[in-house]
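Trainee: structure of the sequence below:
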Amino acid sequence: MEPERHTFQKQERLCSKKRIEALFAGGSRSITAYPLRVVFAPNNREGENVQLLISVSKRRFKHAVNRNRIKRLIREAYRLNKHILLDQLDENERIDMAFIWMSDELSDFATIESKVKNLLQRVGESEKVRG
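Mentor: Below you'll find the predicted structure:
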């Protein structure tokens, strides 16, 4: 692991269309902690242990400023708390994850952070059970 763990770099973002389609096509699991849902699947690629996608639907928030705010808050909560998941993974385990916002309401950072922590803990535990 790198010495500074509170970062969110380009390599940690899930950008590949093939892998995004594979994540949502099947063989993945999801956990909900309203207003967030996380979809995740193991992957055997090289690179970062966890790659992340954040999605906020245009149907939920018509204004881009609101969608971007929610994404920014989720990204910040993940950045500060990703160690919860990374500590539970083996060095050779790789996971693709997507956080999906399911509410029509804006939320404050404290609420989002508690939900992200909860989901990261549960994803780590479910990966241990599968392995």
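
Trainee: how about the nearest residue to residue 105, chain neighbours excluded?
Mentor: Leaving aside its chain neighbours, residue 105 sits nearest to residue 35 (7.3 Å; criterion: Cβ to Cβ, 6 or more residues apart in numbering). No exception for glycine: its C-beta is placed from N, CA and C like everyone else's.

Trainee: how many neighbouring residues does the one you found have?
Mentor: Using other Cβ atoms under 10 Å, residue 35 has 18 neighbouring residues.

Trainee: residue 102 is in contact with that one, correct?
Mentor: Yes. At 5.2 Å, residue 35 and residue 102 qualify as touching, with contact defined as Cβ atoms under 8 Å.

Trainee: got the buried residues for stretch 54-67?
Mentor: Using 16 or more other Cβ atoms under 10 Å as the burial criterion, the residues of stretch 54-67 that qualify are 54, 56, 61, 67.

Trainee: sec struct for the first one, please.
Mentor: It stands for residue 54. At residue 54 the chain is in strand, as set by DSSP: H, G, I helix; E, B strand; the rest coil.

Trainee: identify the bridge partners of it.
Mentor: residue 99 (DSSP bridges).

Trainee: what about it, distance to residue 41?
Mentor: As judged by Cβ to Cβ, to the nearest Å, residue 54 and residue 41 stand 16 Å apart.

Trainee: and what of residue 99?
Mentor: Counting by Cβ to Cβ, the gap from residue 99 to residue 41 is 14 Å.
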